[in-house]
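[1] how does the following fold in three dimensions:
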Amino acid sequence: MLCRIVILFGSEFRKCLRINAETSFEKELAQRLGKSLPELKPPMGDILSDFFLHGLRYEEIAKSRGVAVGSVGVYLKRGLEAMRRIWGREENS
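    Next up, the predicted model:
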């Protein structure tokens, strides 16, 4: 349940992933993210990783991935929606 709350609030999700996984919640979140990112269509997984795990700005991501700056936000939104579906599927199984 906590993971669903965290993923719904992007800024909290970003904050949690930037710190080293010290608590059991952070470790679980990192494990779930690691399992789920490969399920995303390219380049969503890479862009989510760049933004949330590596703390890159939109401009940096756009330059490194060869996409428009505006597309980075679209990929992040779609990637988070996909993560919600993936994690919802995991909770229901």
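[2] measure P38 to G73 for me?
    Taken as C-beta to C-beta, to the nearest Å, the spacing of P38 relative to G73 amounts to 22 Å. (C-beta placed from N, C-alpha, C; glycine too.)
[3] which strands and helices lie in contact with the longest helix anywhere in the chain?
    As assigned by DSSP state H, the longest helix anywhere in the chain is helix 69-92. Helix 69-92 sits against helix 2-8, helix 24-36, helix 44-48, helix 58-65, with contacts defined as 3 or more C-beta pairs under 8 Å, 6 or more residues apart in numbering; DSSP states H and E.
[4] now the last one against helix 69-92, angle please.
    An angle of 90 degrees separates the directions of helix 58-65 and helix 69-92 when computed by axes from the mean of the first three to the mean of the last three C-alpha atoms, to 10 degrees.
[5] sorry, back to before: for R84, find the nearest of the helices and strands packed on helix 69-92.
    Using C-beta to C-beta as the measure, helix 2-8 is the one of the helices and strands packed on helix 69-92 that comes nearest R84, at 5.8 Å.
[6] what mean pLDDT does that closest one have?
    Confidence over helix 2-8, taken as the mean pLDDT, stands at 39.
[7] now for this structure, the helix or strand with the poorest mean pLDDT.
    helix 2-8 (a mean of 39; mean pLDDT, DSSP states H and E).
[8] quick one: low-confidence parts of the chain?
    Low-confidence segments of the chain, defined by pLDDT under 70: 1-22, 26.
[9] just to revisit the earlier point, measure how far the longest helix of the chain is from the centre of its chain, please.
    Here helix 69-92 shows a centroid-to-chain-centroid distance of 7 Å under the convention C-alpha atoms, centre = their mean, to the nearest Å.
[10] that one to helix 24-36, inter-axis angle?
    Between helix 69-92 and helix 24-36, the angle comes out at 110 degrees (the same axes, to 10 degrees).
[11] only the buried residues of helix 69-92, if you could.
    71-72, 75-76, 79-80, 82-83, 86-87 (16 or more other C-beta atoms under 10 Å).
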